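> Please work out how this folds:
(one chain, ligands or ions: 2)
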Amino acid sequence: MTTLRFACDCGTTQWSLANAQPKSATRATCYCTDCQAFARHLGHAGTLDAQGGTTLNQCNPADIQLHQGADNVGVLRLSPKGLFRWHTTCCNTPMAVTAHSPGVPFTSLLLAPAQGDVDAALGTDQALVNVGGALGEDRPAKTHGMGRLVRRFILRAVRARLNGDWRKNPFFHPDRRPIATPVVLTKDERDAASTPQVMGV
Ligand SMILES: [Zn+2]
Ligand SMILES: [Zn+2]
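Numbers count the residues shown, from 1 in each chain. Ligands and ions are numbered 1, 2, ... in the order given. Predicted structure coming up:
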């Protein structure tokens, strides 16, 4: 069983994904404008691919572990009801996206667009979703694998609810409070982050 290890840009914060195999997780690229705005707001537009895509891995929250620097984890929301978007506070590296409560075990670990060990463990077949937000000439014309992504999320979520794995979410305390206080972007911050800047992203 493969465990992938990740570190933020400055190396202070470290986390991992256990059970890293195509059977247990679904890799996807999301082109939605919210994912792009999150990366830009953090000053990490470089984590987007050339078409503005965010590479993510939908997985069981219990498979994610924080190893070092849990104090350096922050969470922001693009709007008052937006998803929880997790990042490090030491160097603003994007980490993950979750629902606002661990009771909904929707968890996507954010990945760099291309990483050899990640490709080897999770495979390279990716669902392509929200392609309407893709940028540039070479943007994908149509969504791919959306049905599979949704089906597999539902299966994972049901299983996590039944076996209690949903409680082992490293981004939430046992009483369901998030481990960091959510920060909601102001409209100005959100507007600034929604504007493509460099090289079309
Ligand atoms: Zn860091
Ligand atoms: Zn997205």
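
> contacts and neighbour counts: CA atoms only from here.
Will do.

> which parts of the worst-scoring helix or strand of the chain on mean pLDDT are buried?
Across the helices and strands of the chain, the lowest-confidence element by mean pLDDT, DSSP states H and E is helix 116-122, at a mean of 87. Of all the residues in helix 116-122, those buried under the rule 16 or more other Cα atoms under 10 Å are 118, 121-122.

> Residue numbers of this structure in contact with ligand 2?
Residues of the chain lying near ligand 2 by Cα under 5 Å from the ion: 30, 32, 35.

> Now, those residues that are in helices?
Under the assignment DSSP state H, the residues of the chain next to ligand 2 contribute residue 35 to helices.

> closest to ligand 1 among the residues of the chain next to ligand 2?
Closest approach to ligand 1 among the residues of the chain next to ligand 2 (Cα to the ion): residue 35, at 19.8 Å.

> What does the pLDDT read for the closest one?
Residue 35 is assigned 97 on the pLDDT scale.

> Let me know the secondary structure of residue 97.
Following DSSP: H, G, I helix; E, B strand; the rest coil, residue 97 is assigned to strand.

> begin at 264 from here
In the new count, where the first residue is 264, that last one comes out as residue 360.

> by contact count, what packs against the biggest helix by length in the chain?
Under DSSP H, the helix in the chain containing the largest number of residues is helix 409-426. Contact partners of helix 409-426 among helices and strands, from 3 or more Cα pairs under 8 Å, 6 or more residues apart in numbering; DSSP states H and E: strand 289-293, strand 390-392.
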